[in-house]
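J.: sequence-free structure coming up:
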């Protein structure tokens, strides 16, 4: 008797939903994480491309002068006290129908600063297959993170969402001058791929329930 009463209650609720046109939104599922190669720089510069100009050097290191967020490896961009640019980059393949979400940890410490105003020093970019660069994040060379790492998470724009897999170049670049010396430390970089959130209602048709006793 209770079983019939419960089925009748479910049928009545479903019929009411269908009659009033109320829809239930489909849940947003995660597609999981596809890790960036050598995300914590523990294998040195393996899988990463380094570019330093006009001075020489290797941004990716395990020096204890500036500690890593985890492990011993990290990328140390800038902090030379010279006018120039340092950059690290890696190419990843974004799967079809996935939204790429980039995460990384950053630390910036003021060593010494000039009397002038700050300028945009750290630039994080994603470059599409057609060569178009899109800026994801930037920071000034003033202020710093007070000696600790901060996590940054950025969802890449729709330009990187496609029905086909596409190769994307992720880069971290620091531009500095002789008057403002401030290293930026990058560590534990990851890329998560999610399903795109689509407002597609799930309709409960009234005819899927059979009358009791049929």
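T.: Now that the structure is in, tell me what you want to look at. Model, not experiment: these values are computed from the prediction. Numbers count the residues shown, from 1 in each chain.

J.: Stretch 135-150 spans what distance, first to last residue?
T.: 19 Å (Cα to Cα, to the nearest Å).

J.: Let me fix that, I meant to ask about stretch 45-63.
T.: Criterion Cα to Cα; first-to-last residue distance in stretch 45-63 is 14 Å.

J.: and it, how far from the chain's centre?
T.: Relative to the centre of its chain, stretch 45-63 is centred 22 Å away, using Cα atoms, centre = their mean, to the nearest Å.

J.: same thing with stretch 76-89?
T.: Using Cα atoms, centre = their mean, the offset of stretch 76-89 from its chain centre is 22 Å.

J.: cool, stretch 41-56 as well?
T.: On Cα atoms, centre = their mean, the centre of stretch 41-56 falls 21 Å from the chain's centre.

J.: Kindly report the same for stretch 81-92.
T.: A distance of 19 Å separates the centroid of the chain from that of stretch 81-92, by Cα atoms, centre = their mean.

J.: Pull out the buried positions in that stretch.
T.: Of the residues in stretch 81-92, 81, 84-88, 90, 92 count as buried by neighbour count, 16 or more other Cβ atoms under 10 Å. For glycine as for every other residue, the C-beta is placed from the backbone atoms N, C-alpha and C.

J.: Columns distance to residue 37 and pLDDT on top of these, output as TSV?
T.: Converted to TSV, those look like this (distance: Cβ to Cβ, whole Å; pLDDT from 0 to 100):
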residue	distance to residue 37	pLDDT
81	31	77
84	27	90
85	23	93
86	20	94
87	17	96
88	12	98
90	7	97
92	8	95
